[in-house]
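In: With the sequence up front, the predicted model follows.
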Amino acid sequence: MGEFNIYFEEKIPSLWQSIWESFTKSPLALIGLWSLMLIVSVSIIGPFIAPYPASYQDPNALLMPPSWADAGSVEHFLGTDDLGRDLFSRILHGAHLTFGYALVVVFVSLVIGFIIGSLSGVTRGLKASVLSHLLDTLLSTPPLVLAILFAAVLGPGLLNVIWAVGLALIPRFVRAIHNAVHEEMQKEYVVAARLDGASNWQVFYDSILPNLWNTVIVQTTLAFSVAILDIAALGFLGLGSQSPSPEWGAMVEQGLDNVLTAPWTVTMPGMAILFSVLAANIVGDGLRNALQEGRR
C-alpha cells in the first residue's frame, strides 16, 4: 500500500516554465514555432534533400508551370524558370542563403549590440550622452536604407550583404539594451544592492541581467524578420547575391522578366520569403505575450 501524504504541497513553476505554459496556450504561436523549426531544418538539410542541383538546367522543361497546373509535371513540383532550373530545388538550396545567414547576422549583431548597450547603459555623463545622440541619428534612418548604403560602399556580394545588414541592425540592439539597462539602473533594488556593497559586475549580473531577457527576446525576433527582408531586398536590387545564386531575393529579381508569362518564377520564392517572415513575427508576438503574462 502506497504512502498517503496528508500535506498538500503546491509546486510553483519557475519563470521559464510559466513563460512556456503561456506560450503554448496560443495555437497560433505554436503553429509559428513549428513553422520556424521547419524552415530551420530546411536551411540545414535543404541541399541534401533537393531533387536537383541548384544550377541544373533541363532544356526540355523551360518555364514549366507547377505540378498542379494542366501543363505541369510532378518532376518539377513548383515549376521551372526560363533556363529550365527546378524552382523547388533552388528554394531548398537558397534557404541557408536567406534564412540561415539571417540567423547568423542577428546572432552576431545581438552579441555586439548587447555588449555595447550594456556598457553604455551603466555609464554616466558625456560618454552616455554622445552615444545616445549618435544612436538616435542612426535609428532615424530605416535599417533597409542603412543596409543599402553599406552595401553600396562595400560592393555587391553575399558576404558584403551580411556585413551591411549586420551593421544596420547593431544600432537597434544597442539602443534597446541601453534603454533597458538605464531604466533598471534607476530602480530601488539596484540602489539597495549597491548599498549592500555589491560591485558593478555583481549589480549587473545578479540584478539587471535577469530583467533584460524580455527586451533581448523581443528585439531578436523583430530583428530576425528585418534581416530576412533586408537580405532578400538587397539580392533583389542586385546589391547582394548575384545570378545564378539561388538566394530568394535574387530569384525574385531573376524571374521579373517572365512575371507576366510565368508568374510562378516570382511568386514561389516570394512566398518562401513571406512564410519565413510571417513565422518569425508570429513567434515573436507569442513570446512577447508569454513574457508579459509570465512575469505577472
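Out: Yep, that arrived.

In: where does the closest residue to residue 31 other than its chain neighbours land on pLDDT?
Out: Nearest residue to residue 31 in three dimensions, chain neighbours excluded: residue 282, at 7.1 Å (CB to CB, 6 or more residues apart in numbering). For the C-beta atoms, the positions are set from N, CA and C on the backbone; glycine is no exception. According to the prediction, residue 282 has pLDDT 90.

In: Over to the one 5 residues further on?
Out: Reported pLDDT at residue 287 in the predicted model: 85.

In: which helix is the longest one in the protein?
Out: helix 264-294 (DSSP state H).

In: what about the residue nearest to residue 31, neighbour count?
Out: Counted with other CB atoms under 10 Å, residues neighbouring residue 282 total 21.

In: List the contacts of it.
Out: By CB atoms under 8 Å, 6 or more residues apart in numbering, the contact list for residue 282 reads 28, 29, 31, 32, 35.

In: which residues of the chain score low on pLDDT?
Out: Judged by pLDDT under 70, the chain has its weakly predicted residues at 1-15, 124-139, 294-296.

In: Could you measure from the residue most central in space within it over to residue 176?
Out: Centroid-nearest residue in the chain: residue 224, 1.7 Å away (criterion: CA atoms, centre = their mean). Computed as CB to CB, to the nearest Å, the residue 224 to residue 176 distance reads 14 Å.

In: Report how many residues lie close to residue 263.
Out: 14.

In: that older thread, the residue nearest to the centre of the chain touches residue 106, doesn't it?
Out: Yes - at 4.9 Å, residue 224 and residue 106 qualify as touching, with contact defined as CB atoms under 8 Å.

In: how about the helices of the protein, start to end?
Out: Using DSSP H, helices in the chain cover 15-24, 27-49, 87-95, 101-121, 126-139, 143-154, 158-185, 188-195, 200-202, 213-236, 248-254, 264-294.

In: Same list, those helices, but as JSON lines with distance to residue 75 please.
Out: Converted to JSON lines, those look like this (distance: least, CB to CB, whole Å):
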{"stretch": "helix 15-24", "distance to residue 75": "40"}
{"stretch": "helix 27-49", "distance to residue 75": "16"}
{"stretch": "helix 87-95", "distance to residue 75": "10"}
{"stretch": "helix 101-121", "distance to residue 75": "30"}
{"stretch": "helix 126-139", "distance to residue 75": "49"}
{"stretch": "helix 143-154", "distance to residue 75": "37"}
{"stretch": "helix 158-185", "distance to residue 75": "29"}
{"stretch": "helix 188-195", "distance to residue 75": "64"}
{"stretch": "helix 200-202", "distance to residue 75": "61"}
{"stretch": "helix 213-236", "distance to residue 75": "27"}
{"stretch": "helix 248-254", "distance to residue 75": "19"}
{"stretch": "helix 264-294", "distance to residue 75": "15"}
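
In: Check these for me and report the most buried one.
Out: Ranked by mean neighbour count, those are led by helix 248-254 with a mean of 26 (mean count of other CB atoms under 10 Å).

In: Give me the distance between the longest helix of the chain and the centre of its chain.
Out: Helix 264-294 sits 9 Å away from the centroid of its parent chain (CA atoms, centre = their mean, to the nearest Å).

In: what is the orientation angle of it with helix 27-49?
Out: On the basis of axes from the mean of the first three to the mean of the last three CA atoms, to 10 degrees, helix 264-294 is oriented at 140 degrees to helix 27-49.
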